[in-house]
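Chemist: Below: sequence and its predicted model.
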Amino acid sequence: MIRFENVTKVYPRGTRPALDDVSMEIERGQFVFLVGPSGSGKSTVLRLVIREEPTTSGSVLVAGHDLGLLAPRKVPRLRRQIGTVFQDFRLLPNKTVAQNVAFALQVLGKPTKLIRTLVPETLELVGLEGKGRRMPHELSGGEQQRVAIARAVVNHPAVLLADEPTGNLDPATSLDIVRLLARINATGTTVLMATHDNVIVDEFRRRVIELDNGKIVRDEAEGSYIPKEVVTPVPAPELDPDDLWSPPDETDWADEVVRGEG
Amino acid sequence: MGVRFLLGDVWVGLRRNLSMAVSVVLVTMVSLYLLGLGLLAQRQADAMKGYWYDRVQVSIFLCSNGTRQANCGGMPVTEDQKATIKAQLEEMKPLVKQVFFESEQEAFDRFSEQFKNTPLVGNIKPGVIPSSYRVQLSDPTRYEVVASAFQNAPGVASVQDQEKVLKKFFTVINYVTLFAVIVAALMVLCATLLMATTIRQAAFTRRREIGIMRLVGASNFAIRTPFIVEVVVAALAGAALAVGMLWATVHFIYAKYLTTIVLNEALISATDVWAIAPYLAGGVVALAVVTSTVTLWRYLRV
């Protein structure tokens, strides 16, 4: 479904490549966690898949299309097959929940009749039945992310990309959101989720692709957030003494470990 | 993208950006009004040219008793001289289209008729205005040919061409037109810049929507059309107001106050406003589309 062939991406003002000779293949219907510290290239992978950016070298193939050969005017058609969800939800604050979801269909020129069936159907799928008339600011973070997911999948895309979808949510809500993504994945949608959340990765045990400094350092089926072999040897005393004054954020701490080993 | 959704988007955009939309309407209105005035002035000049050139005459005034011109030597024109002049004029066809003779009495009558309600009439007696050959030319611009042939001919007091007078009038009209068009061009430039700014502002206001539209794969057409339609609607509203103002100018001011002075058929009317209206509207729509497309292309990477 998504294939990277020796992909290198250097941003115009970047000193080092954001992605460095990355090759991977994600098959149709897979659920993949993309992990790695900040700046490791996770978001770049997602940006390349929706062709927000061109590659510097190598090729990205999505649903059989080489994105490097895709004419700019065909990019919208590619994006219609891909749903995207972000950490910051990106809802339109002046539209209701239902209008936010409907917007994705309206701008594609879908008939009103179809929109009237698809929107409530999708809201029900994400567990927001009866909340179509609420405004985004009246919803909790988890509910807002559900609206964003509904908008991403309402057009039945083949691929769902999620860039830190739980980054702004508490742990329990985060689990609910990923469960929802897993349910969507079960209907056949390929899901690629970039995340920092070790609890979730360890809980769901799906394929894990780990990036560090723009390179794939691990690709594991049913993987955990931290490579199995380094889970045990991480010694507590390695922490910086300064950090002991305020217990470090779990995620950041985990990042340090991964970077140290990577 | 559905038409209803598109129009809804345009409406929301115009309402949200109301002050900018109003300024586009007003600036477009003023610039098109000035441009329209320029065009109407030109049409007026053309109408007058057509009217006057049909009637423009070279007058060959003949010597009479009181003529002081040296060429006459104080003597009135003789019948022989008149016949010679007449024959010469006949030879100059087809440049000379028509010749008619106006006697002193006829000249006096015409003068009395033209100025019947003015005190001038009392001061003029038959014989003061000399008799003349009125020559109508097929090509009024070639007046010199006739003038040089009869200037200083025996029995000719003077040769006068009405075109010379008209030329001055047309020069004035041309300057007025030029001025109106230059000011209009500046205003059109203002309108263009304002449209570009409006688009940029609108694109900024709706950057979230645009971001999501791009993300879900809306076509460039779907993303850009609302902006373009918005500017076109504002520009068309400005054009409609401008045409209305031009019509009011012609109907209430021009036609009302000028008909009594000049002949009616030489004047432009509301018909002329309707004649230029499609060009004004078409021009402004083209301008709006081009400006907004270029602006969007530069500021809205899709």
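Modeler: Perfect, I can see it now. None of these values were measured; they are calculated from a predicted model.
Chemist: what's the helix or strand for B:F108?
Modeler: helix B:104-114 (DSSP states H and E).
Chemist: What distance do you get for the most centrally placed residue in chain A to chain B?
Modeler: The residue lying closest to the centre of chain A (Cα atoms, centre = their mean) is A:A162, at 2.0 Å. Note on A:A162: its distance to chain B, by Cβ to the nearest Cβ, to the nearest Å, is 13 Å. All C-beta spots, glycine's among them, are computed from the backbone N, C-alpha and C.
Chemist: For that residue, which three-state class applies?
Modeler: Following DSSP: H, G, I helix; E, B strand; the rest coil, A:A162 is assigned to strand.
Chemist: Then the one 4 residues further on?
Modeler: Secondary structure, three-state DSSP: A:T166 is coil.
Chemist: now it, nearest residue through space, not along the chain?
Modeler: Leaving out its chain neighbours, the residue that sits closest to A:T166 by Cβ to Cβ, 6 or more residues apart in numbering or on different chains is A:S174, at 3.5 Å.
Chemist: And the one you found, how close does it get to A:S40?
Modeler: Note on A:S174: its distance to A:S40, by Cβ to Cβ, to the nearest Å, is 20 Å.
Chemist: of the two, who's got more company?
Modeler: Remark: of A:S174 and A:S40, A:S40 carries more neighbours, 26 against 22, as counted by other Cβ atoms under 10 Å in any protein chain shown.
Chemist: how about that one, secondary structure?
Modeler: Applying three-state DSSP: A:S40 is coil.
Chemist: Can you name the residues that contact B:L32?
Modeler: Residues in contact with B:L32 (Cβ atoms under 8 Å, 6 or more residues apart in numbering or on different chains) are B:A184, B:G238, B:A239, B:A242, B:V243, B:L280, B:V284.
Chemist: is stretch A:68-87 up against chain B anywhere?
Modeler: Yes. Using Cβ under 8 Å from any Cβ of the partner chain, we find that stretch A:68-87 touches chain B at A:R73, A:V75, A:P76, A:R77, A:L78, A:R79, A:R80, A:Q81, A:I82, A:G83, A:T84.
Chemist: Check these for the minimum pLDDT and say which it is.
Modeler: Note: of the residues of stretch A:68-87 next to chain B, the lowest pLDDT belongs to A:R73, at 86.
Chemist: Looks to me like that residue is in a helix.
Modeler: Yes. Secondary structure of A:R73 (three-state DSSP): part of a helix.
Chemist: The nearest residue to it once chain neighbours are set aside - how many residues pack around it?
Modeler: Once flanking residues are discounted, A:R73 sits nearest to B:N220: 6.9 Å by Cβ to Cβ, 6+ apart. Close neighbours of B:N220, defined as other Cβ under 10 Å, add up to 17.
Chemist: Now B:N220: phi and psi?
Modeler: Phi and psi for B:N220, reported as degrees, to the nearest 10, are phi -50, psi -40.
Chemist: Isn't it up against A:P76?
Modeler: Yes. Taking contacts as Cβ atoms under 8 Å, B:N220 lies within contact range of A:P76: 7.2 Å.
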